[in-house]
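Student: my questions concern the predicted model and sequence given below.
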Amino acid sequence: MTVTAGDPVDSKLSADVTIPADDVNKAVAKAYKDIAKRYNFQGFRKGRAPRPVIDAAVGREAVMADATNALLSAAEPLVLNELDVVPVGDVDFGEDLESAQEKQDYTVKVTVNLIPEAELSSYDPVAISMPPADATTAEIDQQLDVLMGYQARFEDADGDHAVVSGDFVNVDVEDIENGERLAGENRMLATEAGMLPEALEEALVGMKPGDEKEVEFTQGEGDDAQTVKIKVKVNDIKVKVVPELTDDFAKDVFGFDGLDALRDAVSIEIKGDKDRNLPALKEERAVTELEKRLEMETVPEDYVKQVHDEIARQFVSDLQAQGQTVDSFLQMRHITIDQLLADLQLQATEHARQSIALDALARHLAIEVTDDDVKAEFSDVYDSDKAVKKAMKEFAESGQMPAVRQTIRRSKAVSWLLDNAQVTEVDEIAEKRANN
C-alpha cells in the first residue's frame, strides 16, 4: 500500500491511498468465501457455493462492496501509521465511494481531521509560584487546628450571642417555594461546613435566637435552575469550644511526649504529602501558565468533544474501580448531573487547550521521538520483552502508534517546561491565614 499526502489545510490532511491488486484479489476471495459460509445456497454445501451462484443470489456489487469495506477497514490504521497522525474522529473515505475491482489496484482519497495547531505568544520559560518543599510553621499550625477541631465540643451560647461562622444552629425551616429538601423543625445546621447553600449560610450569620428571616436563592443551572424560598427561625445556638493545645494535652490525647514532639510528627507528615503531591502540582501550574499563551480563541468543537469523551470514559472507569456509581458520586458531592456534565465540559476544554499548547511547544523545540523512546514507553507498562513486542504489534495494527508518539512528545515538552520553569517559593497557607 502506498500513501501520498499533501500539506494540511485548515486542520485537514488529504491523501491518496493505493492498495495493490494482489490485496484486492485476496479481499474479494475472502468476501466470496464469507458469503458462502454465511448463507445457504440450494444444491450446495455451506461454504461451497461457486462465485456465479453467489453473484446471482446476492449480486456481484454486494460482494465487491463487502470486499471494499474490508480493504478500507484494514487500510485505516496503516494510513494513520504511515502519516503519523492522530485523527479527530474517524478517517473520511468520502461519500461517493467506488468499489474496488478485482485484478486492479484500488486508489481512494482519504481525509483526516487533525488536532488543530496554534502558536504561543511566547516560548520563554514560564514563571510559577510553589509552596516550599519543607513544612512551614503556618502549615503545621493549620494541621494542628484541624486536629484540635476534632476535639472541640459544642456548648449552649449566651442568650445575646449572634451566629458566627462555625456555630451549630437549631432552626425551624418553612418551605415557601421549592424548599422541601430543607424544610423541618429543630434542624441542626452546621455553618462553615460547606453543606448549606451559600445564601442560607450567609443569612444565618448575625441572627440571634428568636430571629426570623426569609431567604431566597437559585438552585441548579440552565434549564434545571429554580428559585428556592424558605423562612428560617433560629431556636438556639451552640458555639464551638476548642480546648487549649498544651504539652499535657499532646501527651494525654495524642500520645506524644509533648507539643514539640507533636509538631515534629505533623511536620514529617506534611513533608511526606508534599514529596508525593508537589511534582504534580508543579506540572499543573506550569502547563496552565503555558496554556495562557495559546493564541487560539476557540478550540474546535469536534476536538473538545473527543477529549470530553475520553475524560468521561476515564471518570466512569475510575468510579467503577472504586465500587461507585455516577448516582452515588452525585449524592456524595451534593451536585446535580447537569453540574457534573458542565464540569466535565470545562475540563475537556481546558485539557484540549493545554494539549494544543504543548504541541506548539514541542514543534518549537523540534522534539523528536525515537524508536527507543517508544519501546521505553511500553516497557514502563509491560514487564517482559515478549509482552512489550506483542503490545507494540497490537498498537501498530490498530493505528494507535501515532497517539503513543504524541504522548511521548508532549511528555518531553512537559519535562522541558518543568526543568526550565522560573519558580518562586510562596508560603500560601501563611498568606491565607493572614488574610483570614
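Tutor: All right, it came through fine.

Student: all helices of the stretch 201-350 of the chain, in order?
Tutor: Under the criterion DSSP state H, counting those that start in this stretch, helices of the stretch 201-350 of the chain are mapped to 247-252, 259-291, 301-321, 326-333, 337-364.

Student: worst mean pLDDT among these?
Tutor: Ranked by mean pLDDT, the helices of the stretch 201-350 of the chain bottom out at helix 326-333, with a mean of 89.

Student: what lies in contact with it?
Tutor: 316, 319, 336, 337, 340 (CB atoms under 8 Å, 6 or more residues apart in numbering). Glycine gets a C-beta too; all of them are placed from N, C-alpha and C.

Student: please repeat the previous calculation with a cut-off of 7 Å.
Tutor: Residues outside helix 326-333 that contact it (CB atoms under 7 Å, 6 or more residues apart in numbering) are 319, 336, 337, 340.

Student: what of stretch 278-296?
Tutor: 118-122, 126, 128, 130-131, 133, 353-354, 356-358, 361, 414, 417-418, 421.

Student: rerun at 10 Å
Tutor: 116-133, 274, 350-358, 360-361, 410, 413-415, 417-418, 420-423 (CB atoms under 10 Å, 6 or more residues apart in numbering).

Student: ok, now stretch 414-434?
Tutor: Stretch 414-434 has contacts (CB under 10 Å, 6+ apart) with 124-133, 135-143, 145, 270, 279, 282-283, 285-287, 289-290, 354, 357-358, 361-362, 364-365, 367.

Student: so residue 233 makes contact with residue 215?
Tutor: No - with contact defined as CB atoms under 10 Å, residue 233 and residue 215 do not form a contacting pair (11.4 Å).

Student: out of these two, which sits in the busier spot?
Tutor: Set residue 233 next to residue 215 and count neighbours by other CB atoms under 10 Å: residue 215 wins out with 20 against 16.

Student: test my guess that that one contacts residue 227.
Tutor: No - counting by CB under 10 Å, residue 215 sits too far from residue 227 to count as a contact (11.2 Å).

Student: what is in contact with the two at once?
Tutor: Common contacts of residue 215 and residue 227, defined by CB under 10 Å, 6+ apart, comprise 176, 179.

Student: if we can go back for a sec, any shared contact partners between residue 233 and residue 215?
Tutor: Common neighbours of residue 233 and residue 215 (criterion: CB under 10 Å, 6+ apart): residue 173.

Student: domain parsing for this structure?
Tutor: What automatic domain parsing lists as the domains of the chain is 2-113, 153-241, 259-435.

Student: out of the contacts of stretch 278-296, which are buried?
Tutor: 116, 120, 125-126, 128, 130-131, 274, 350-358, 360-361, 410, 413-414, 417-418, 421 (16 or more other CB atoms under 10 Å).

Student: now residue 219. Nearest residue, chain neighbours left out?
Tutor: Distances taken as CB to CB, 6 or more residues apart in numbering place residue 228 nearest to residue 219, at 5.0 Å, with adjacent residues excluded.

Student: pLDDT on the strand ranked longest in the chain, on average?
Tutor: Using DSSP state E to define each element, the chain has its longest strand at strand 226-241. Across strand 226-241, pLDDT averages out at 93.

Student: pLDDT below threshold where in the chain?
Tutor: 193 (pLDDT under 70).

Student: centre-most residue in it?
Tutor: Nearest residue to the geometric centre of the chain (CA atoms, centre = their mean): residue 311, 4.0 Å.

Student: quick one: that one and residue 351 touch, right?
Tutor: Yes - here residue 311 reaches residue 351: they are 6.8 Å apart, a contact under CB under 10 Å.

Student: which residues in the protein form strands?
Tutor: Ranges of strands in the chain, per DSSP E, are 2-5, 12-19, 106-113, 127-130, 153-156, 168-177, 184-190, 212-219, 226-241, 422-425.

Student: sweet, I'm off.
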